[in-house]
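Participant: Show me the folded form of this:
(chains A, B and C)
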Amino acid sequence: CIQVKAPEKPIEINLNVNVKQEVVVRLQKDAQEFITENPELFPQ
Amino acid sequence: QAGDAALTAAIAAGQVGEQSDGYLGVAKPVGADVRAAVESLNIKRRAAYTDQAAKHGVALREWAATVGCQTLRGRVKPGQAYLLPDGVWRVKDSSPIALPANCG
Amino acid sequence: MAGETPSMRKRLAWLALLPGLLLLLLLALWLARKPIVAHFVDRALADRGVAARYRITGVGPFVQRIENLSLGDAAAPDLVADWAEIRIGWGVDGPYLAGVTASGARLRGRIVDGALRLGAVDELLPPPSGKPFALPDMDADLRDARMALETPAGRVGLVLDGKGRLNRDFRGRLMVHVPRFAAGGCQGAGLLAPVDIVTGEADIRLRGPVDLGGLRCGEAVRLDQLSGRADLVLGTALDSLRGPVSLLAEKGELAGVAAKQWRFAGRMEADIGAASGRISGDIGFVEAAAPAGWRDALATAPTGLDGSPAGPLAPPLAEALARAAGNFGGKGRVAVRYGKAIDLNIADIAVASASGARLALADGKGFGWSSDKGVFLDGALQLAGGGLPAVAGRMTLAGDVGQGRFTVAPYAARDARLALAPVLIAAGPNGYRLRTAATLDGPLGDGRVRGLSLPLDIRLAINGAWSVNPACAPLAFESLAVAGLALAPASLPLCPKGDALVASRRNGVAGGGAIRGLRLSGRMSGSPLTMASRSFGFDIGTPGFTADAVAVRLGQGDAVSRLDIARLAGRTDPGGLGGTFTGAAGKIAAVPLLLSEGAGRWRLANADLAIDGSIAVADEAAEPRFNPLRSDDVRLTLIDGTVRATGQLREPATNVAVASVAIDHDLGRSSGEAELDVAGITFGPALQPEQLTRLTLGVVANVAGSVSGRGHIGWTEAGVASTGTFRTDSLDLAAAFGPVKGLSGEIHFSDLLGLETPPGQEVRLAEVNPGVAVEAGVVRYRLLAGQQVQIEGGRWPFSGGELFLEPTTLDFARPVERRMTFRVEGLDAAQFIQRFDFDNIAGTGIFDGTLPMVFDDAGGRIENGRLLVRRGGGTLAYVGELSNEDLGTYGKMAFDALKSIRYDNLAIALNGNLDGEIVSEILFTGINEQPLGGERLEGMAKELTGLPFKFNITVRAPFRGLVSTASNFVDPTGLIRNQGKGDSNPPVQAQESEDKR
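Facilitator: The predicted structure follows:
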C-alpha cells in the first residue's frame, strides 16, 4: 500500500473545467425577433 | 446611403454573404467601398450583439452565432453566398442550408 | 412763243415782251388822227370791226391830236388815252410816222396759250411779217402810259413814262408791278420793278431796282423782301435778254438753309425764242442757321454713348456742329440752265461759320441737280475749324452712281480720341456704302482702352435705313485696362448676331454682336491672367454682355487660381462691371479645395471684385479626406491683390453646419491662409461621421456626441502647412474592438490635412468594452501619415491594479490585424473576483502579467496572456456546491482541497476570444487549509491539512461566461495524477463536455 507521510512532493491535480454555454433553442426565437427588429443590420 | 446600395448589390451578386458566426463576410474580392460597408455593418452588429449578449447573459460570440443560425436558416436567397464554421464559402441552391450543430 | 414752260422760264419770257407791248401802244396812237383821219379811221376801224370812241382835236401836217380815245368795247375798252399827238414826217417815199406823244394811255392785254391778245387793238396791227421783230424808227413821248396784262401767272401792271427815238435812244421809266403771281410751283407777291429803259440801235437797256415781297417755291425756297438791281439788255428783236442781275433777300430760306440775308450777283442770258436761258453768278447768304429743333436734337442725341470709350467725344462734337450750324454764311458760284431740261449747278461752295468752321467744295463741277440726270456732285470737299474734325477728300457722284474718298483728321476731346481710316464712299442704285476703320482711345467703366479698332462697313439705303457691319470684322485693341484688369493686345472676330452689328429700326436701333472663341491675356492686380470663353455676346437693346464657357486663370506656377464659369452675364455702369454667374467651378491657388456648382452675383469696381452666392466645396486629394460640402452664403472679394473668402460649409443632405471658412490669399506673393472654425458638429441618428468623411467608415459607427475645434491651413509658393485642434467632451461610439462610451479629449494636428499629430496626444475613455468593460482609461497616442495610429501608452485602473497598454502602431488604412499588448500590474485577485462578483470564489493575491491582444474584423483575442502572482502568494477558496455528479474520489478530494488553499505561486496562461471562449490554464502549488473530506485514501490521516498540492486547472469558458456564470463551474472532470509523474506541462486532457444549462 502507499505509505502516506507528509509527502515531499505535492499532490498533482489536473482539472479541466468546461463552461459550455450551449445557447439553447429558447434563444433562437429571441435571435429571430432581434433580426426582424433591426432590419438595417441585416440587408438582403 | 450609397454604401448600403453597393452592399445589397454585393450580397445579391454572391460576393458578400452571411456567416454562421453572425457576421457578414466577404466571399469574393470586392471594392474598397463595399469592404468598408461590410466592416461598418459588422461594427454595428457587434455593438448591438454586445447589448443583447449582456441582456441574455450569454457570451457575445454565442449570441452572434445564434443570430447566425437564423440568418442562415431564413435569410440567404438562392445564388447568395454563405459561410459555415468549416470556413468554406458556399452558394445557396434551392435546398436548405445544413446548419451547424449549435443551431439546434 | 414756245409753249407752256416751267416757272423760271415763264417769268423771264413775258418780262422780255414788255418793251414789245410798249411799242404796240405807240403804233395804235399813231392811227388816231383828226376827222380826216377819223373818217378814214372809222372806216378802217369798221372794216376791222373795231368799236372806237375818240375825238380828233387837231390834225396838222405834222401833228395830229386825238383825245378821249377809247378803243374796243365801250364798257371795257381795250385801249384808252386822254390825249395823243401823232407827228407825221414826210420823207422820200411819202409820209411816215415820225413820233407820238400820249398821256394817260390805258391798254389791256391778255396772254392766252402763250400769245398776246390785245382785244380790239389786235385788229389794228399789221399782220405778222415773219421778219424778226424790230422797234419802229420813230420818236415817242409817253406820259403815264399804263397797261394791264392778264397772264396765266398773274396780273401784270405796267406804267411807262419816257421819250426818245424808239429804235435808237428812247429813254424812260418803266414801272412793272405784279401783285401776285404763281408759276412753275412758285408763288410770288409784290413784284415792283421801276426800271429805266433806254433803247439803242443794238439793244434795249433796262436798268433799275427790282423788289419782290416774297417768293415761295415748294419747300425749297422761301425768300422774303427780295430786292435787287437789273441791268438787262433786251435784244431789239425781243429775242434775247441778258445782263447782270443782283438780288438781295432779307430773311429767306433756300434748300432748308434759313439765312438772315441771301445775296445773288450774276448774269442772266435768256433766249426768249427758244425759251431757254442761263443764270449764273455768285450766290451768298449770311447769318444762316439750321432749324432750332434740329440743333437741339443734335445737342441731346449722343447720350446713348455714355460709358463707352466714345462717350466724351459725342458732346463736344455735337456742340461744335450745333454752334457751326448756329450762325454761318456761305457763297458759291451758281449756274442755272433752263430750256428743254433744267439743271442747277453750284460750284466753289464756301461756307464759313461764326464758330470758325469752314466748309469748301471746290475744284470740280460742284454740286448740282439736273432734271434728267438727277443729283450730281464732283469736287474736292474740305471741312475744318470750329472744333470740327478736319475732313478732306474728293467725291464724284452722277445720278445715283459714284464714289468718294475722304480723310478725316483724328478727333480728340477730353480723354477720348477717335481716328478714322480714309473713308471710302460708294454710291449705288440702292444707296450709299461707307467703308472705313475706326480706332478709338477712351475711358471704359473706370479704366481705359487704347487702340480699340474695328473696320466699319456702313450701308445707307435710299429710304434712310442704315446698318453697320453685316459681316464679321476683327475687333482689336492695343491695351485695355478696366477695374484693375490690364489686358494685352488682342484681335477678336466680332460677328453680328442678326443681319448687322447695329441697324436702324423703325423705332430706334437694334442689333448685337458675338465674339466666338474669345481669348484674352493680361494681368490683374499684378498677377498674370488669361481669360477665354466659347462665346461672348452683347445686345444693343440690353446693355451689358453674356458669355458662356468662360475659363479664367489667375496667377502663375502651381499657385494658379482657376475659375470656369458656364454662364456669365454682366453690365457696365459708371461704377464698373456687375452681373450674375451660374455653373462656376474652380480652385483658389494652392488651397486644396475644389469649388463647383457656383452661382450668384459678381461686381467688379475699381479693381475690387466681390462675389456672393452658393458653391459646393470638395477635397482635392485623390483620397478625399471629407465628402463634398455646400455653402449658400459665400462672400468672396478681391481687393488690392488679396482674395478674401468666407462662408459657412454645410453637409448637403442634412444641411448641418460643419465649419465656417475664412480664406485670405495674396495673389502677388501667391501665399495665404484659411481658418476653419468647427463651432460644433453633433453626431447622432441624423448625422454620422461617414456622411462627412469616408475615413471613419468601417472604423467607427453609431457615433453620438459633438466635436468642435479650429483648423488653420497656410500656404506659400513653397507648399502647404496646416494645423488644427479639435476636442470633444463626451463621445460614444462603436469601434472594431467594441463599444466605447464617454470618449473625451483634445487632439492637436501638426499636419491637419495629412491627419498627423505631434506625439503625446491624450484621450480619455470612460468605458471600453472589447468583451470586458474597463473604465476610466487614458490613452496617449500619435496619428501618423497614412491613417496610422501610434499608441504611446494607455492606462486603465483594473481591480486594484492597473492595465498598461504597451506602445504599438495600429494601421487603420488597411483591414489588417491590430496588435495591442496590455501589461497587468498589481491586479488584486480579491478585487478582481469581487469586481466580477464571483459569489462562490474568494481569493487573494497580487498579480502582474501581460495580455497580448489581437484585434481584427472578427473581434479581439488574447494570445498567450500570462499572469503571475507576486511573492507572498495568496489564498483561494471555492465554496460553490458541486453538482452531484459522481466526481470520483479524486474530484472530491480536489474540490475539498480547493475549499481553501494557500498558494505561494500561481500562474495563469490565457488564450482565446474576448467575446467568446477563453482557455485559461491555472498552475499553482499550495497547501490546503481545510481537511480533506470524502473517503479516505488508504493510509491518509484524517485531519490532513497543510498537504502540498499542485493544481493544474484548465478552464475553458466564455470570457463573458467566466464573468457572469463563473459561479457554477460545471462538469469538472479531472484526473488527479499522483506526484509520481512529475510531468511539468499539463497533459492534454480529453475534452468531455455535456450539455448543461
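Participant: the helices in the chain, which residues?
Facilitator: All of this refers to chain A. Under the criterion DSSP state H, chain A contains helices at A:25-37.
Participant: Switch to chain C, please.
Facilitator: For chain C, the helices identified by DSSP H occupy C:7-31, C:35-47, C:120-124, C:166-169, C:292-300, C:314-324, C:689-692, C:829-835, C:888-899, C:959-965, in order along the chain.
Participant: Which among these is found nearest to C:Leu784?
Facilitator: For these, the distance to C:Leu784 is smallest for helix C:689-692, at 20.2 Å, taking Cβ to Cβ. Bear in mind the C-beta positions are built from the backbone N, C-alpha and C, glycine included.
Participant: Can you classify B:Val67 by secondary structure?
Facilitator: Under the three-state scheme (DSSP: H, G, I helix; E, B strand; the rest coil), B:Val67 adopts helix.
Participant: that older thread, would you list the helices of chain C in CSV and tack on mean pLDDT?
Facilitator: Written out in CSV, the entries for those read as follows (pLDDT from 0 to 100):
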stretch, mean pLDDT
helix C:7-31, 70
helix C:35-47, 67
helix C:120-124, 74
helix C:166-169, 81
helix C:292-300, 74
helix C:314-324, 84
helix C:689-692, 90
helix C:829-835, 79
helix C:888-899, 73
helix C:959-965, 45
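Participant: closest to C:Gly738 out of those?
Facilitator: Shortest separation from C:Gly738 across these is recorded for helix C:959-965, at 11.7 Å, computed as Cβ to Cβ.
Participant: How about the residues of chain B by chain C?
Facilitator: B:1, B:3, B:21, B:23, B:33, B:35-40, B:42-44, B:46-47, B:50, B:53, B:57-62, B:64 (Cβ under 8 Å from any Cβ of the partner chain).
Participant: check these against chain A, which are close?
Facilitator: Checked against chain A using Cβ under 8 Å from any Cβ, those yield the following neighbours: B:44, B:58-59, B:62.
Participant: Go through the residues you listed and name the one nearest C:Arg795.
Facilitator: Using Cβ to Cβ, B:Ala59 is the member of those that lies nearest C:Arg795, at 27.3 Å.
Participant: Burial check on the closest one, number of neighbours?
Facilitator: Taking other Cβ atoms under 10 Å in any protein chain shown as the neighbour definition, B:Ala59 ends up with a count of 30.
Participant: Please apply the same query to C:Ser70.
Facilitator: When neighbours are defined as other Cβ under 10 Å, C:Ser70 has 17 of them.
Participant: tell me the contacts of it?
Facilitator: Residues in contact with C:Ser70, defined by Cβ atoms under 8 Å, 6 or more residues apart in numbering or on different chains, are C:52-54, C:77, C:79-80.
Participant: Just send the ones next to chain A among the residues of chain B next to chain C back as a markdown table, with pLDDT and secondary structure too.
Facilitator: Rendered in a markdown table, the data for these read as follows (pLDDT from 0 to 100; DSSP: H, G, I helix; E, B strand; the rest coil):
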| residue | pLDDT | secondary structure |
| --- | --- | --- |
| B:Lys44 | 90 | helix |
| B:Val58 | 79 | coil |
| B:Ala59 | 77 | coil |
| B:Glu62 | 82 | helix |
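Participant: In a markdown table: these, plus distance to C:Glu717.
Facilitator: As requested, these are exported to a markdown table (distance: Cβ to Cβ, whole Å):
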| residue | distance to C:Glu717 |
| --- | --- |
| B:Lys44 | 46 |
| B:Val58 | 63 |
| B:Ala59 | 60 |
| B:Glu62 | 62 |
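Participant: What about those residues, which one has the most neighbours?
Facilitator: Of all those, B:Ala59 has the most neighbours under the rule other Cβ under 10 Å, reaching 30 neighbours.
Participant: shouldn't it be in contact with B:Thr50?
Facilitator: No: contact between B:Ala59 and B:Thr50 fails when scored by Cβ atoms under 8 Å: they sit 10.6 Å apart.
Participant: Is chain C within reach of the helix or strand of chain A with the lowest mean pLDDT?
Facilitator: The weakest-scoring helix or strand in chain A, judged by mean pLDDT, DSSP states H and E, is strand A:11-18 (a mean of 78). Yes: judged by Cβ under 8 Å from any Cβ, strand A:11-18 and chain C are in contact via A:11-18.
Participant: Make CSV from these and add neighbour count to it.
Facilitator: CSV is the format used below for those (neighbours: other Cβ atoms under 10 Å in any protein chain shown):
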residue, neighbour count
A:Ile11, 22
A:Glu12, 21
A:Ile13, 22
A:Asn14, 22
A:Leu15, 23
A:Asn16, 22
A:Val17, 19
A:Asn18, 22
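Participant: Now the terminal residues of stretch C:664-677, how far apart.
Facilitator: Start and end residues of stretch C:664-677 are separated by 14 Å (Cα to Cα, to the nearest Å).
Participant: which residues sit against that stretch?
Facilitator: Under the contact criterion Cβ under 8 Å, 6+ apart, stretch C:664-677 has outside partners C:524-527, C:554-557, C:559, C:561, C:588-591, C:638, C:641-644, C:659-663, C:710-717, C:724.
Participant: and these, which are buried?
Facilitator: A residue is treated as buried here by neighbour count (16 or more other Cβ atoms under 10 Å in any protein chain shown); on that basis the buried members of those are C:524-525, C:527, C:554-555, C:559, C:561, C:588-591, C:638, C:641, C:643, C:659-661, C:663, C:710-715, C:724.
Participant: surely C:Asp73 meets C:Val80?
Facilitator: No: using Cβ under 8 Å, C:Asp73 and C:Val80 do not qualify as a contacting pair, with a distance of 11.4 Å.
Participant: More neighbours: which of the two?
Facilitator: C:Val80 (18 against 11).
Participant: distance of the residue nearest to the more buried one when sequence neighbours are not counted from chain B?
Facilitator: Nearest non-adjacent residue to C:Val80, counting by Cβ to Cβ, 6 or more residues apart in numbering or on different chains: C:Arg106, 4.1 Å away. Here the distance between C:Arg106 and chain B works out to 123 Å (Cβ to the nearest Cβ, to the nearest Å).
Participant: Bridge partners for the residue lying closest to C:Ile918 once chain neighbours are set aside, pull those for me.
Facilitator: On the basis of Cβ to Cβ, 6+ apart, the spatially nearest residue to C:Ile918 that is not a chain neighbour turns out to be C:Gly912, at 3.6 Å. Beta bridges link C:Gly912 to C:Ile862, C:Ile918, judged by DSSP bridges.
Participant: what sits against C:Gly912?
Facilitator: C:Gly912 makes contact with C:861-862, C:918-920, C:959 under the criterion Cβ under 8 Å, 6+ apart.
Participant: what do B:Ala59 and B:Thr50 both touch?
Facilitator: What both B:Ala59 and B:Thr50 touch, as defined by Cβ under 8 Å, 6+ apart, is the set C:Asp915.
Participant: Same list (the helices of chain C) but as TSV, adding distance to chain B and mean neighbour count.
Facilitator: Output for those, formatted as TSV (distance: least, Cβ to the nearest Cβ, whole Å; neighbours: other Cβ atoms under 10 Å in any protein chain shown):
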stretch	distance to chain B	mean neighbour count
helix C:7-31	96	22
helix C:35-47	134	14
helix C:120-124	122	19
helix C:166-169	127	17
helix C:292-300	66	12
helix C:314-324	62	19
helix C:689-692	7	20
helix C:829-835	16	18
helix C:888-899	24	20
helix C:959-965	4	22
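Participant: Quick one: closest of those helices to C:Val779.
Facilitator: Closest of the helices of chain C to C:Val779 is helix C:689-692, at 19.1 Å (criterion: Cβ to Cβ).
Participant: which helices and strands does that closest one pack with?
Facilitator: strand C:700-715 (3 or more Cβ pairs under 8 Å, 6 or more residues apart in numbering or on different chains; DSSP states H and E).
Participant: Is chain A within reach of the strand it packs on?
Facilitator: No: between strand C:700-715 and chain A, judged by Cβ under 8 Å from any Cβ, nothing touches; the nearest distance is 10.6 Å.
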